[in-house]
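> Pasting the sequence and the predicted coordinates here, then a few questions.
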Amino acid sequence: ADAQNQERNNFDANWQELVDEEVQDTGATASKDGVRTYVFGYKTKLLKGQKTSSLFDKIQMKNVIEDEILPDSANDIKVEGFAIQSEEILDKTSGHWDHYRENMFPAMEMEGESYVLRPMNCPHHMMIYANRPHSYRDLPMRIGEIAHDFRYESSGTLKGIERGRHFCQNDAHLFCTPEQIKSEVADVCNLIFETYKDFKITDYRCVLSLRDPADKKKYHDDDAMWNHAENALREVLTELGIHFTEEIGEAAFYGPKLDVNVKPAVGAEYTLSTCQLDFCLPAKFHLTYVDKDGSEKTPVVLHRAILGSLDRFMAYLIEETKGKFPTWLAPVQVKVLPVSEKTLEYAESITEKLVEAGVRVALDDDNQKIGYKIRAAQQVDRVPYMLVLGAKEAEAGNLSVRDRKGETTTMEVDEFIAKVTEEIKTRAYNN
């Protein structure tokens, strides 16, 4: 604990200097109205065409690639962006500062305001919803983001990309009426399990994570809210026929959740996907919608992450597949290996055809022996397919196709392209 506190103090002492240097080097600026901001040379647009709230006016941008709100439909919004948020959002409204402070990076002072690297995305999505009035006809409203988040995990818990202090997660918040809870939870669960089918994830278990009623420090103190939320989520999961176990003390500080836990090839079980039922934060942010009878009501929010931390999910896939990704998922799907310079021109033409077909292909034109190229592609890169092209193949206009198992087959060019593109299209697992 002393070592961690010292590390935190050292970080706090140097943080302001690091931020100032980055802003100076990149020319980052923020306008007073918060509508247009230039960061790293990118034009940032916040809530395009709408008046921004005072809290957004205070946000300084860092580590952002062009922030954009991109509606796919009237009620579905994608957000990319905010790495730093005003401490005011956390401290006075959401409760993250009170319940999650020990897992956050220290606050930094900028122009008389306190800012923190955001550990979660909830406050920003709440503010986006609060930016304009809503009717029951607008709901459900879904706000999704591929988000950069920062958590000050203790050094002893860090584990490569599986658990780091900066990570990226696919996160969304679904704003709905109480009557829509069941259908929204069902859709989230279906999306989770359909995604697992694509990745052939079968060894998992579902957990209903509940609060510990005796722990008033960790959890928002509202017994009636907790009982209502826990019973509602338990009832929905039961009606959906989802088998689950219950675990006390594993809930988020604001509400119960469904966790889908997996057992990786190496290490202890951890949560991959989650769906959290929240009656707490909508009330804290005074979110409302106008119901059919004209009265104002508070929406319910589902926090959902299908793949959770993308970094952790990649670690899981790497461990499970041992780097032998299926064709549709492999970074390089085909590697073209000319035997010598004499067949390089033929290899280049094959590479061009694969590129035109949408295949991720790499041409190994290094001046190495063909045995070395095959070993590098098969054992190091673990590419699904290798095309070994010698004088015989160049003359016949066909391919010598080698897979990761070392099995070699002679195929026509169009035949092989059709095979690979079909595997990619159907997300088939091979080798």
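Received, thanks.

> What is the burial count for P133?
Residues lying near P133 (other Cβ atoms under 10 Å) number 10. For glycine as for every other residue, the C-beta is placed from the backbone atoms N, C-alpha and C.

> And the residue nearest to it when sequence neighbours are not counted, how far from C206?
Distance criterion Cβ to Cβ, 6 or more residues apart in numbering; nearest residue to P133, sequence neighbours excluded, is V290 at 7.2 Å. Using Cβ to Cβ, to the nearest Å, V290 is found at 35 Å from C206.

> now swap in N103 and tell me
In terms of Cβ to Cβ, N103 sits 25 Å off from C206.

> N261 too?
Going from N261 to C206 by Cβ to Cβ gives 8 Å.

> got it, and G308?
Taking Cβ to Cβ, one finds G308 at 14 Å from C206.

> and what of A147?
Taking Cβ to Cβ as the criterion, A147 is separated from C206 by 24 Å.

> what's around the residue nearest to P133, how many residues?
By the other Cβ under 10 Å criterion, the neighbourhood of V290 contains 15 residues.

> pretty sure it is in contact with L139, am I right?
No. Here V290 lies out of contact with L139, judged by Cβ atoms under 8 Å, at a distance of 10.5 Å.

> Where does pLDDT dip in the stretch 201-350 of the chain?
Counting by pLDDT under 70, the stretch 201-350 of the chain contains low-confidence ranges at 216-218, 220-221.

> quick one: the helices in it?
Listed from the start of the chain, the stretch 201-350 of the chain has helices (DSSP state H, counting those that start in this stretch) covering 223-239, 280-284, 310-321, 344-356.

> nearest to E111, of the ones you listed?
With respect to E111, and counting by Cβ to Cβ, the nearest of the helices of the stretch 201-350 of the chain is helix 280-284 at 26.5 Å.

> packing partners for that closest one?
With contacts taken as 3 or more Cβ pairs under 8 Å, 6 or more residues apart in numbering; DSSP states H and E, helix 280-284 sits against helix 122-130, strand 300-305.

> Send over it as CSV, restricted to the C-alpha atoms.
Coordinates of the C-alpha atoms in helix 280-284 are reproduced here as CSV (Å, rounded to 0.1, in the frame of the first residue of the first chain):
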residue,chain,number,x,y,z
CYS,A,280,-29.6,5.1,-9.7
LEU,A,281,-27.7,7.3,-12.1
PRO,A,282,-30.8,8.4,-14.2
ALA,A,283,-32.2,9.8,-10.9
LYS,A,284,-28.9,11.4,-9.9
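
> Run the chain-centre distance for it.
The gap between the average C-alpha position of helix 280-284 and the chain average comes to 24 Å, counting by Cα atoms, centre = their mean, to the nearest Å.

> buried stuff in it?
Burial within helix 280-284, assessed by neighbour count using 16 or more other Cβ atoms under 10 Å, is assigned to C280, L281, P282, A283, K284.

> isn't the second one right next to N121, touching?
No. Here L281 lies out of contact with N121, judged by Cβ under 8 Å, at a distance of 11.6 Å.

> Spell out the residue ranges of the strands in the stretch 101-250 of the chain.
When assigned using DSSP state E, counting those that start in this stretch, the strands of the stretch 101-250 of the chain occupy the ranges 108-110, 113-117, 141-150, 166-176, 204-210, 244-248.

> how many degrees apart are the third one and strand 300-305 in direction?
Taking axes from the mean of the first three to the mean of the last three Cα atoms, to 10 degrees, strand 141-150 and strand 300-305 form an angle of 50 degrees between their directions.

> cool, and the longest one?
Using the same axes, to 10 degrees, the inter-axis angle of strand 166-176 relative to strand 300-305 is 150 degrees.

> next one: the second one
Note on geometry: by the same axes, to 10 degrees, strand 113-117 and strand 300-305 are set 50 degrees apart in direction.

> ditto for the fifth one
If you take the same axes, to 10 degrees, strand 204-210 sits at 140 degrees to strand 300-305.

> List the buried residues for strand 204-210?
Applying a neighbour-count criterion of 16+ other Cβ under 10 Å, one finds Y204, C206, V207, L208, S209, L210 buried in strand 204-210.

> now, among those residues, which is nearest to T321?
When the buried residues of strand 204-210 are compared for distance to T321 (Cβ to Cβ), Y204 wins out at 16.3 Å.

> For the closest one, which non-adjacent residue is closest in space?
In this structure, Y204 finds its nearest non-sequential neighbour in V262, 4.8 Å apart by Cβ to Cβ, 6+ apart.

> now E422
For E422, ignoring the flanking residues on the chain, the nearest one in space by Cβ to Cβ, 6+ apart is A428 at 7.5 Å.

> Counting neighbours, what do you get for the one you found?
Applying other Cβ under 10 Å, we find 12 residues neighbouring A428.

> still on that earlier bit, can you tell me how far the residue nearest to P133 is from I424?
As defined by Cβ to Cβ, V290 lies at a distance of 47 Å from I424.

> returning to what we had before: out of the strands of the stretch 101-250 of the chain, which is closest to L302?
strand 166-176 (4.2 Å).

> which one in this structure is furthest away from the centre?
E395 (47.8 Å; Cα atoms, centre = their mean).

> Okay, now the unreliable bits of the stretch 51-200 of the chain?
For the stretch 51-200 of the chain, residues meeting the criterion pLDDT under 70 lie at 51-101.

> now the helices for it?
Taking DSSP H, counting those that start in this stretch as the test, the helices found in the stretch 51-200 of the chain are 54-57, 87-88, 96-100, 122-130, 181-198.

> Burial check on the nearest residue to V388 once chain neighbours are set aside, number of neighbours?
Across the structure, with Cβ to Cβ, 6+ apart as the measure, the residue nearest V388 apart from its sequence neighbours is S400 (4.5 Å). Applying the criterion other Cβ under 10 Å, we find 18 residues in the vicinity of S400.

> which SSE is S400 in?
strand 398-403 (DSSP states H and E).

> Could you list the residues in contact with the next helix or strand after that strand?
As assigned by DSSP H and E, the chain's next helix or strand after strand 398-403 is strand 408-412. Counting by Cβ atoms under 8 Å, 6 or more residues apart in numbering, strand 408-412 makes contact with V388, N398, L399, S400, V401, R402, K419, all of which sit outside it.
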